[in-house]
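[1] Take a look and give me a structure for this.
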Amino acid sequence: MREGFARAADGTRLAYQVNGDGPPLVLLAGQANNHRWWDGVREDFEGTHRTITLDHRGTGASDKPDIACTTRDFASDVIAVLDELGIASADVYGTSMGGRIAQWLAVDHPGRLRRLVLGCTSPGGPHAAERDADVRRALAQPDPVAAQRALLELMYSPEWLAEHDGPRCVLGDPDMPPHARRHHLAASNRHDAWEQLPRISARTLVLHGADDRMTPASNAELIAERIPGAEARVLPGLRHAYFHEGRPQTSDLVADFLRAR
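    Numbers count the residues shown, from 1 in each chain. Now for the predicted structure:
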């Protein structure tokens, strides 16, 4: 794996990681997570693509400025990485908050995207289907062990958890400072691309686990109805981390979509 740094417009250093050969595929991680979110999945694409990940500002080896940001700002960070690598256009696969970021990439930088995959994500704003109050309470409980267990159960089915004892690469970057966690949470919560989604011209696939309570699955249809020509696939029995539990089938769905004429 090749690693390096790009500079965002405000000077923030952004760590990136590149592996594999072929057309570029950008993989965007969820809220409060670094590039390790994609461990065990990026390998599915490295036979056909050059995979590119980054540590969102506030995570991993990237700088962690105490500055408020938006999902649109995170999209600008991705463009800084592509510019540093000399990549004119790429396929983009974003999940959770990474899918929110990917929406703005497609809206603001249409010439930089070839195809777009949006996973377990939301259009944001008042039109989105929000998680229920029980989920919010479970994630906000003061006992950190109990809160992490609740998050784990939102990510994976009981059957999968019974058979897999780790690693847990989707539970957040443990080294994030509190201010960075707050900025990520605020950016994700304030995301609202609803009015702009019809501007997306990239061919788009929307994926979602049918049993996702973190980001309800009805958001997949909402997004697909707003993006011209988008296709939605809701995957039975899977939760928020469908891309891990549903391997290799979900990776095959994405790979087939990226290869199709």
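[2] just the helices in the stretch 101-250 of the chain please.
    For the stretch 101-250 of the chain, applying DSSP state H, counting those that start in this stretch gives helices covering 133-140, 144-155, 158-163, 178-189, 218-226, 242-245, 249-259.
[3] With mean pLDDT and mean neighbour count as extra columns, can I get those in a markdown table?
    Any C-beta I mention is one placed from the backbone N, CA and C, and that applies to glycine too. Below are the helices of the stretch 101-250 of the chain laid out as a markdown table (pLDDT from 0 to 100; neighbours: other CB atoms under 10 Å):
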| stretch | mean pLDDT | mean neighbour count |
| --- | --- | --- |
| helix 133-140 | 94 | 12 |
| helix 144-155 | 95 | 15 |
| helix 158-163 | 95 | 11 |
| helix 178-189 | 97 | 17 |
| helix 218-226 | 98 | 20 |
| helix 242-245 | 97 | 24 |
| helix 249-259 | 97 | 16 |
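[4] Quick one: closest of the ones you listed to L113.
    Ranking the helices of the stretch 101-250 of the chain by proximity to L113 (CB to CB) places helix 249-259 first, at 11.9 Å.
[5] Which strands or helices does the closest one pack on?
    For helix 249-259, the contact count by 3 or more CB pairs under 8 Å, 6 or more residues apart in numbering; DSSP states H and E identifies strand 113-119, strand 203-209, helix 242-245 as packing neighbours.
[6] Adding distance to I52, write the helices of the stretch 101-250 of the chain out as TSV.
    TSV is the format used below for those (distance: least, CB to CB, whole Å):
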stretch	distance to I52
helix 133-140	30
helix 144-155	24
helix 158-163	28
helix 178-189	20
helix 218-226	23
helix 242-245	17
helix 249-259	14
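[7] Nearest to M97, out of those helices?
    For M97, the closest of the helices of the stretch 101-250 of the chain is helix 178-189, at 4.6 Å, according to CB to CB.
[8] roughly how far apart are F243 and L151?
    16 Å (CB to CB, to the nearest Å).
[9] With G246 instead?
    Counting by CB to CB, the gap from G246 to L151 is 18 Å.
[10] on that earlier part again, just put the helices and strands packed on helix 249-259 in JSON lines and tack on distance to D83.
    Compiled in JSON lines, the helices and strands packed on helix 249-259 are given as follows (distance: least, CB to CB, whole Å):
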{"stretch": "strand 113-119", "distance to D83": "14"}
{"stretch": "strand 203-209", "distance to D83": "23"}
{"stretch": "helix 242-245", "distance to D83": "27"}
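[11] So for V135, which of these sits nearest?
    Across the helices and strands packed on helix 249-259, closest to V135 is strand 203-209 (CB to CB), at 14.1 Å.
[12] Between the helices of the stretch 101-250 of the chain, which one is closest to A202.
    Using CB to CB, these put helix 249-259 closest to A202, at 11.5 Å.
[13] what's next to that closest one, contact-wise?
    23, 25, 41, 44-45, 48-49, 91, 93, 115, 117, 205, 207, 233, 235, 238, 242-243 (CB atoms under 8 Å, 6 or more residues apart in numbering).
[14] One more pass at 6 Å, please.
    Residues from elsewhere that reach helix 249-259, judged by CB atoms under 6 Å, 6 or more residues apart in numbering: 44, 91, 115, 117, 205, 242-243.
[15] Ok, stretch 89-102 next?
    By CB under 6 Å, 6+ apart, stretch 89-102 touches 24-31, 71, 74-75, 105, 112-121, 188, 191, 258.
[16] Please list only the buried members of those residues.
    Buried residues within the contacts of stretch 89-102, counting neighbours by 16 or more other CB atoms under 10 Å: 24-31, 71, 74-75, 105, 112-121, 188, 191, 258.
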